[in-house]
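[1] what's the 3D shape of this:
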Amino acid sequence: MITRREMLQVGAATAALTAGGSLTRAFAQQQLTQAELLKFDALGNVTLLHVADIHGQLMPVYFREPSVNLGVGEARGQLPHLTEGDFLKRFGIPEKSAAAYAMTSEDFASLAKSYGRIGGLDRLATVVKQTRAERGDKVLLLDGGDSWQGSATALWTKGQDMIDASKLLGVDAMTAHWEFTLGADRVKQVIESDFKGRIEFLAQNVRTADFGDPVFAPYMMREQNGVPIAIVGQAFPYTPIAHPRYFVPDWTFGIREQELQQVVDEVRRKGAHVVVLLSHNGMDVDLKLASRVRGIDAILGGHTHDGVPRPSIVANAGGKTLVTNAGCNGKFLAVLDLDVRNRSVADFRYKLLPIFANLLPARRDMATHISKVREPYQQRLQEKLAVTEGLLYRRGNFNGSFDQLILDGLMAEKNAEIAFSPGFRWGTTLLPGQAITLEQLMNQTAITYPYVTANELSGETIKIILEDVADNLFNPDPYYQQGGDMVRVGGLQYTCDPAAAMGSRISDLKLKGAPLQADKRYKVAGWAPVSEEARLAGGEPIWELMARYLRGQKTIMPRTLNVPRLVGVGGNPGLA
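    Sure thing, here's the model as predicted:
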């Protein structure tokens with residue numbers, strides 16, 4: 001298991017993203033070069049490259065990190081629940097620096113004009129290629145899932161644009177979450193054709209509903225640079241709850257902690273010197289799991305979209321486990337170097353390599369693929385629907401300005417008093433003055449169950465819905481957190497106490513200043529229903545409703561966010 005001089009290593013792990021690092025100094029002076037961007041002194045004999053939550057984004061994007069990311073219970077004030085100034089202070093990152101722009105929401109619109117877009121798979125491919133060239137056969141590239149969904153082209157090609165990009169990128173193994181919303185048959189088709197002999201699809205926690213047999217390979221074992229390595233896959237545990245069950249009717253999911261321990265013990269018996277969990281649990285779940293399962297050297301995590309500049313080191317009965325998260329939308333390539341000696345990890349070095357699109361050349365084969373896959377849709381993607389005068393973003397515990405725009409459109413187009421929009425964490429950012437194209441709209445709405453709904457709900461039912469979602473987000477036991485942020489609410493005001501007990505977090509519900517009545521029914525518009533009945537009933541896709549609304553508006557003024565009154569969160573560093 002892992003033994004090291006911990007404080008020295010975590011300090012060195014982020015040198016290039018801190019006040020003393022060349023990246024921050026040089027880029028703050030607009031002098032950053034490709035060589036400085038990618039500088040990372042190698043350590044040891046194994047290199048793990050990690051990406052997660054790309055969400056179909058082939059092109060460079062803007063992505064604003066959350067200004068509200070509250071931790072409750074033991075998670076309060078701990079990674080990943082730090083925002084803006086508290087985040088910068090924890091890691092010694094100067095304000096307005098390149099690292100501040102890449103990793104926080106502070107002064108985002110202004111800094112975006114200086115530092116530009118981040119990501120782009122052709123730029124990411126350049127960094128992967130250079131890292132492989134420097135490190136040779138020491139390297140494995142791992143994808144933490146949520147790759148095949150999140151954009152128009154990913155939806156329209158059933159993920160094929162991203163599947164082919166993964167092959168070009170040289171991904172060795174992946175696990176999954178939103179991939180399952182393409183349906184079980186599509187996932188199996190990809191594994192049996194596109195991935196066969198090239199990419200391992202790993203998920204130890206997915207079983208058949210009848211006999212509990214494994215659906216996918218639970219792990220792979222590779223010898224890299226003479227070191228036996230086991231990569232164990234952990235798909236999103238709550239897939240059939242967070243999404244329609246009909247996509248995967250014959251499969252069951254779950255954290256399966258006991259089974260994971262058995263898998264880890266098995267690969268250790270088979271001779272693995274390094275055991276890595278490729279996880280889509282979310283970081284809070286991974287931190288708890290790391291404290292309870294023995295024998296895992298590192299957890300490379302996804303799902304919660306957290307870009308964290310250094311690993312958390314978690315003690316357990318067998319030693320210690322590193323827990324990391326590589327951010328989202330292709331913003332970073334995480335690099336974990338391991339020094340493996342005497343059948344165990346003796347030392348490590350870690351860095352998030354930021355993919356600043358303006359500073360990196362495109363790798364030709366990936367750029368060609370991106371151009372080819374987008375070409376048939378180019379005219380449709382570029383349709384200009386409106387222009388935004390304010391910053392439009394999504395990510396945050398309670399609401400984002402693009403979510404507010406969707407809520408406003410739902411209420412207007414469906415003549416509803418109240419609107420709900422899912423607390424999805426994917427979705428890119430638009431700067432003031434940018435056109436809202438169909439592509440930008442699809443970046444917020446591209447799912448396989450996009451139906452718009454309008455229902456008459458009682459005040460009591462509305463409160464129950466809000467309480468249920470709040471518990472998914474704020475339950476102090478991470479194993480009961482089922483992913484996503486709080487449902488976005490239009491028209492309705494309420495108070496939320498994240499630290500309260502289940503069923504008591506939501507209070508003081510009001511509509512136009514009047515208390516919501518438990519026995520009165522209200523018209524509520526929404527989208528992305530998970531029920532089978534909603535699928536059979538069909539309905540207008542949300543992007544069609546919103547395109548109509550935006551065309552009618554033409555200019556979108558800055559949104560006033562409808563957010564709850566929060567109590568009990570004073571001093572919480574997850575609240576900017």
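[2] okay, CA-based contacts and neighbour counts for the rest of this
    Noted.
[3] Would it be right to say that residue 325 lies in a helix?
    No - counting by DSSP: H, G, I helix; E, B strand; the rest coil, residue 325 is not part of a helix but strand.
[4] what about the nearest residue to it once chain neighbours are set aside, neighbour count?
    Closest residue to residue 325 apart from its sequence neighbours, by CA to CA, 6 or more residues apart in numbering: residue 301 at 4.7 Å. Residue 301: 32 surrounding residues under other CA atoms under 10 Å.
[5] residue contacts, residue 301?
    With contact taken as CA atoms under 8 Å, 6 or more residues apart in numbering, residue 301 is in contact with 52, 144, 278-283, 286, 323-326.
[6] what's the answer for residue 294, then?
    Going by CA under 8 Å, 6+ apart, residue 294 touches 261, 264, 316, 317, 318, 319.
[7] Can you flag which of those residues belong to helices?
    Within the contacts of residue 294, membership in helices is found for 261, 264, as judged by DSSP state H.
[8] Mind putting the contacts of residue 294 into TSV with distance to residue 71, neighbour count and pLDDT?
    Shown next, in TSV, are these (distance: CA to CA, whole Å; neighbours: other CA atoms under 10 Å; pLDDT from 0 to 100):
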residue	distance to residue 71	neighbour count	pLDDT
261	27	15	98
264	29	23	98
316	22	17	97
317	25	11	96
318	27	15	94
319	26	16	96
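[9] thinking again about what came up before, how about TSV for the contacts of residue 301, with pLDDT added?
    Shown next, in TSV, are these (pLDDT from 0 to 100):
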residue	pLDDT
52	98
144	98
278	98
279	98
280	98
281	97
282	96
283	96
286	97
323	98
324	97
325	96
326	96
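[10] Out of the residues you listed, who's the most crowded?
    residue 52 leads the contacts of residue 301 on contacts (other CA under 10 Å) with 35 neighbours.
[11] how about low-confidence regions in the stretch 351-500 of the chain?
    Along the stretch 351-500 of the chain, no part satisfies pLDDT under 70.
[12] Over to residue 308: give its phi and psi.
    When read as degrees, to the nearest 10, the backbone of residue 308 gives phi -110, psi 130.
[13] Mind pulling up the pLDDT for it?
    If you check residue 308, the pLDDT there is 91.
[14] what's near enough to touch it?
    79, 80, 103, 324, 325, 326, 327, 352.
[15] can I assume residue 215 is in contact with residue 209?
    No - applying CA atoms under 8 Å, one finds residue 215 not in contact with residue 209, separated by 9.9 Å.
[16] Give me the more crowded residue out of these two.
    Using other CA under 10 Å, the more surrounded residue of residue 215 and residue 209 is residue 215, with 18 against 15.
[17] give the contact list for that one.
    The contact partners of residue 215, by CA under 8 Å, 6+ apart, come to 203, 206, 207, 208, 251.
[18] let's see 10 Å
    188, 202, 203, 204, 205, 206, 207, 208, 209, 250, 251, 252 (CA atoms under 10 Å, 6 or more residues apart in numbering).
[19] Residue ranges of each domain in the protein, please.
    Using automatic domain parsing, the domain ranges for the chain come out as 6-62+116-371, 382-566.
[20] Present these as CSV; the columns should include distance to residue 90.
    As requested, the domains of the chain are exported to CSV (distance: least, CA to CA, whole Å):
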stretch, distance to residue 90
domain 6-62+116-371, 10
domain 382-566, 20
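[21] Indicate which one of those domains is closest to residue 73.
    Nearest to residue 73, of all the domains of the chain, is domain 382-566, at 5.2 Å by CA to CA.
[22] how far does the closest one stretch from start to finish?
    In domain 382-566, first residue to last residue: 39 Å (CA to CA, to the nearest Å).
[23] wait, residue 125 sits on residue 364?
    Yes - using CA atoms under 10 Å, residue 125 makes contact with residue 364 at a distance of 9.2 Å.
[24] Between those two, which is the more surrounded one?
    Between residue 125 and residue 364, counted using other CA under 10 Å, residue 125 has the larger neighbour count: 24 against 13.
[25] List the buried residues for the helix or strand harbouring that one?
    Assigned by DSSP states H and E, residue 125 belongs to helix 121-135. Neighbour-count burial for helix 121-135 flags 121, 122, 123, 124, 125, 126, 127, 128, 131, 132, 135 (criterion: 16 or more other CA atoms under 10 Å).
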